[in-house]
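Participant: Mind folding the following:
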Amino acid sequence: MFVVDWRATPMAILGEYDAAHVPANGCGFIEAKGAVFGDGGGGTPANLDQFSVFRVPRGGYSAANPPNTPAVERLFDDDAPERDAHGTAAGPRERYVWVGDRDGNVVEVFDGRTGARVNTVPLTSPYSADPTVDLFASSPDHGWVFASTRGPTPLSGDPHSSHGTDPGMLIVRMTDDGRSGEVRGLIPITNVDAAGAERADAHGIRVRPVH
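Facilitator: Numbering: from 1, shown residues only. This is a model prediction of the structure:
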């Protein structure tokens, strides 16, 4: 993992981390309470299952530093079956941080200040029994989270983790300042081919405020 100064031309590397310190196969970073939270997952033939969460400080980077500086803080590790960390979001006032599990169909909730895991939020609902959430985007007030949901024919990622049943966008309301939440709906997308196979497979997602 590299930390870069994007304002420099060309961009300058100010920090570098190796695989012994930063878990692989993650997808999602979010800032909260002066730190950057990231994850590491499974979903590869050699590493099917993993749910890891870490954080690094927002400051203290320099090209003069040795590798893996400032230090990584590993917050949570779980390599149990059916686990794959993917996607992050921050709640109101960065009080809590959400890290999705696209294989387990849950969100693990972490205290934005202490880094402690404080809750698990299920993402299954009457709208989908297997949403397979991929990436998150928050509303401007951080009261709502929108998540892309994978389809039955994944276009990327190992099917072990990215194979879903309801491609589209899951709508989740954060509650208790982000310590919990509840699914409020799912907007489906579809792309059925000539053979009748569903090819839709949502992945990237962003919220664009319109003023």
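
Participant: From here on, just use CA atoms for contacts and neighbour counts.
Facilitator: Fine.

Participant: For the protein, just list every one of the helices.
Facilitator: Per DSSP state H, the chain carries helices over the ranges 159-162.

Participant: Low-confidence ranges, it, go.
Facilitator: Within the chain, not a single segment meets pLDDT under 70.

Participant: show me the residues around the most centrally placed residue in it that make contact.
Facilitator: Here the mean C-alpha position of the chain is nearest to the C-alpha of Gly87 (CA atoms, centre = their mean), at a distance of 1.1 Å. By CA atoms under 8 Å, 6 or more residues apart in numbering, the residues touching Gly87 are Cys27, Gly28, Phe29, Asp39, Val99, Gly100, Asp101, Asp134, Leu135, Phe136.

Participant: Report the buried members of those.
Facilitator: Restricting the contacts of Gly87 to buried positions leaves Cys27, Gly28, Phe29, Asp39, Val99, Gly100, Asp101, Asp134, Leu135, Phe136, with burial counted as 16 or more other CA atoms under 10 Å.

Participant: Which members of those residues are the farthest-apart pair?
Facilitator: The most widely separated members of the buried ones among the contacts of Gly87, counting by CA to CA, are Phe29 and Asp101 (14.2 Å).

Participant: about what we covered before: from the contacts of Gly87, pick the one nearest Ser156.
Facilitator: Asp134 (11.0 Å).

Participant: Grab the nearest non-local neighbour of the closest one.
Facilitator: Ser148 (5.4 Å; CA to CA, 6 or more residues apart in numbering).

Participant: And for Leu155?
Facilitator: What sits nearest to Leu155 in space, not counting adjacent residues and going by CA to CA, 6+ apart, is Asp201, at 6.6 Å.
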